[in-house]
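Visitor: Provided below are the primary sequence and the corresponding predicted coordinates.
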Amino acid sequence: MDVKPYISYINNKMHIENVSLDTIAEQVETPFYCYSHSAIKASYTAYTTAFNQLDTMICYAVKANSNQAILKTLANLGSGADVVSGGEIRRALSAGIPASKIVFSGVAKTKDEIAFALDQGIFQFNVESEPELLLISQLATQTNKLAAISIRINPNVCAKTHAKITTGKSENKFGIPITNARQVYQYAASLPGIKVQGVDVHIGSQLTDLQPFREAFAKLADFIAMLTMDGHDISVIDIGGGLGIGYGENEIEPDKNEYASIVKSCLGHLNCKIIMEPGRSIVGNAGVLVSSVVYVKKGDERQFLIIDAGMNDLIRPSMYDAYHQILPVDNTEQEMSVYDVVGPVCETGDTFTKNRELPTAKTDDLITILSCGAYGSVMSSHYNTRLNAPEIMVNDAQFSVIKPRLSYEELIAQETIPDWLSQ
Ligand SMILES: Cc1ncc(COP(=O)(O)O)c(C=O)c1O
Ligand SMILES: N[C@@H](CCCC[NH3+])C(=O)O
């Protein structure tokens, strides 16, 4: 029985590809993240297939999951990287993604980060403000470099997604309002050390309705036509990321072919290189979080399934009220119970779901939280001095630990007590 591509029940045990999750749990201990190498490859390839009629470069959004093994998987497929910090540039380079395929987004690029990116020779800066543009120009001029830039346009489009991950409305901090972007392009063209090569847009994340993309890309096409009339040579269009995934059971995912045809119909006639920055839609459904039941606690009104993964491991439910499917690793239990699934952290918000009907569970049973490959491990913390959930990658019948669990000693050793405090 297939749960997601490359995640299925074989002999009543949930498997990622051909490895049973309980086999991994015996060796690694819960909680842990587990990713399917083949699922990542399949979603990347779905993009290249859908976009095969356009000149495209996929720059995987590193923020979604920046583990070196994930980046290496994508580097091997030819992917570039969309990065938002000097740290992410270093991660991408270290996994073998060449600087010539790196685009640098983000509203707060610092002097050091810009200098490093210039030094490495990245493909382009996606500029988000005038002061940033000036700083890039100054740093490029000082080092005799030419910085290729796109300006991120804020098209003031409603992305119809969660308010906390909407980025293309005028009240959001991202990009330059489309209403004054034309002047900013003129300003950019007047600056030394700057090569204006493109236009960039990213309106939000987890978009399941494609209409907002159509709206944004149509605005972008008109805007590019105006830039061309103004004498700018626009050869690159960065359409950002944002394509959503199915989190619910049997939820239909937005179709990549339909997305590609929208891009083609809105922007194809401009004959530019199309950059895209997908994150979640590459890794989101390729990963799960596996956890054990610690206790089943009966309250007056509710029954709590207390598990050993917490909001420090996966913050999406507490932060965005995000829905994640929860399934047992062993699916033989037929009886159902209603639970609030909660973690060990001392916060009421450490709740994965409320009133969810799940197979009746007991201490030590393994459960899986699905769709955790994106914005899972990368957003985790050590809150409550909890050790990180290790990350595992499965490839067919083999699996490898791609990030180990730190020990308590290693965790505590990251801090120092000043001499003047020691007695
Ligand atoms: C500039 C930029 N590009 C790409 C992404 C990746 O988005 P997603 O993971 O929704 O594809 C984000 C995150 O929303 C982003 O801010
Ligand atoms: N962290 C968000 C996505 C943010 C996208 C980054 N621009 C999530 O978990 O859904």
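Guide: That came through fine. Ligands and ions are numbered 1, 2, ... in the order given.
Visitor: this structure against ligand 2: which residues are in contact?
Guide: Residues of the chain found near ligand 2 (C-beta under 6 Å from any ligand atom) are 63, 165, 205-206, 316, 320, 375. Every C-beta, even on glycine, is put in place using the N, C-alpha and C of the backbone.
Visitor: need the contact partners of the helix or strand hosting Glu215.
Guide: Assigned by DSSP states H and E, Glu215 belongs to helix 211-229. Applying C-beta atoms under 8 Å, 6 or more residues apart in numbering, the contact partners of helix 211-229 are 153, 155, 157-160, 168, 178, 181-182, 185, 199, 201, 203-204, 207, 234, 237, 239, 242, 259, 262-263, 266-267, 269-270, 272.
Visitor: in the chain, which residue sits closest to ligand 2?
Guide: Proximity of the chain to ligand 2 (C-beta to the nearest ligand atom) peaks at Tyr375, 3.1 Å away.
Visitor: am I right that Asn257 falls within a helix?
Guide: Yes. Under DSSP: H, G, I helix; E, B strand; the rest coil, Asn257 falls within a helix.
Visitor: what's Gly28 sitting at in phi/psi?
Guide: No, residue 28 isn't Gly; it's Val. phi -110, psi -30 (degrees, to the nearest 10).
Visitor: quick one: the strands in the stretch 101-250 of the chain?
Guide: Counting by DSSP state E, counting those that start in this stretch, one finds strands in the stretch 101-250 of the chain at the ranges 102-104, 124-127, 147-154, 176-177, 194-200, 236-238.
Visitor: next, format those strands as TSV and append mean neighbour count.
Guide: Rendered in TSV, the data for the strands of the stretch 101-250 of the chain read as follows (neighbours: other C-beta atoms under 10 Å):
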stretch	mean neighbour count
strand 102-104	26
strand 124-127	26
strand 147-154	25
strand 176-177	17
strand 194-200	22
strand 236-238	25
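Visitor: tabulate the ones you listed (JSON lines), appending distance to ligand 1 and mean pLDDT.
Guide: Output for these, formatted as JSON lines (distance: least, C-beta to the nearest ligand atom, whole Å; pLDDT from 0 to 100):
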{"stretch": "strand 102-104", "distance to ligand 1": "9", "mean pLDDT": "98"}
{"stretch": "strand 124-127", "distance to ligand 1": "7", "mean pLDDT": "98"}
{"stretch": "strand 147-154", "distance to ligand 1": "7", "mean pLDDT": "97"}
{"stretch": "strand 176-177", "distance to ligand 1": "14", "mean pLDDT": "94"}
{"stretch": "strand 194-200", "distance to ligand 1": "8", "mean pLDDT": "98"}
{"stretch": "strand 236-238", "distance to ligand 1": "9", "mean pLDDT": "98"}
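Visitor: any chance of a PyMOL selection covering the buried ones in the contacts of helix 211-229?
Guide: Applying 16 or more other C-beta atoms under 10 Å to the contacts of helix 211-229, the buried members can be selected in PyMOL as follows:
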select buried, resi 153+155+157+159+168+178+181+185+199+201+203+204+207+234+237+239+242+259+262+263+266+267+270+272
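Visitor: what helix or strand is the closest residue to Leu387 other than its chain neighbours located in?
Guide: The spatially closest residue to Leu387, leaving aside those adjacent along the chain, is Arg405, at 5.2 Å (C-beta to C-beta, 6 or more residues apart in numbering). Using DSSP H and E, Arg405 sits in no helix or strand.
Visitor: which strands and helices lie in contact with the lengthiest strand in the chain?
Guide: In the chain, assigned by DSSP state E, the strand with the most residues is strand 287-298. Contacts defined by 3 or more C-beta pairs under 8 Å, 6 or more residues apart in numbering; DSSP states H and E place strand 287-298 against helix 21-28, strand 32-36, strand 303-307, strand 366-369.
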